[in-house]
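Trainee: Sequence and predicted structure below; questions after.
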Amino acid sequence: MSQTAATFAISDLAREFGITPRTIRFWEDQGIVAPAREGRKRIFTRRDRARLKMALRGKRLGLSLAEIKDLIGMYASTGDETPQLLECLRVIDKRRAVLLQQREDIEAMLAEIAQFETLCREELARRNAA
């Protein structure tokens, strides 16, 4: 398979993206990709490949399925990419805020754990000294 190929088999895309054919079928069920059919065989286009790539990137960023579908759907609607880019920035900012809050929560929990660990060690040391 080359990137200039007009079509791709499900196994080609699975191998390229390091995912299973089942994952690709899931994205198909969700309307992210829409391969043509030759009997039972799925035939994916470069458009399907690009949409799959965007969906997987969105997943890695922690976006919801609805957010992924919205962003991908916007690319099919117009030639002017300005609204898509603005929406991408909005979604990225929202995701960043969630991640920063999670990091703050994790750091607070780690501090509490460290404090409790210190208390436990001090108590053990006190008991061993007695």
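Mentor: Cool, the structure landed.
Trainee: In the longest strand seen in the chain, which residues are buried?
Mentor: As assigned by DSSP state E, the longest strand anywhere in the chain is strand 41-45. Neighbour-count burial for strand 41-45 flags 42, 44, 45 (criterion: 16 or more other CB atoms under 10 Å). From N, CA and C alone the C-beta is placed, and that goes for glycine too.
Trainee: in whichever helix or strand comes after that strand, what counts as buried?
Mentor: Counting by DSSP states H and E, the next helix or strand C-terminal to strand 41-45 is helix 46-60. For helix 46-60, burial by neighbour count (16+ other CB under 10 Å) applies to 48, 49, 51, 52, 55, 56, 58.
Trainee: repeat for stretch 85-102
Mentor: Buried residues in stretch 85-102, counted by 16+ other CB under 10 Å: 91, 95.
Trainee: In a markdown table, list the buried residues of strand 41-45 along with distance to residue 67 and pLDDT.
Mentor: As requested, the buried residues of strand 41-45 are exported to a markdown table (distance: CB to CB, whole Å; pLDDT from 0 to 100):
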| residue | distance to residue 67 | pLDDT |
| --- | --- | --- |
| 42 | 25 | 94 |
| 44 | 23 | 96 |
| 45 | 24 | 94 |
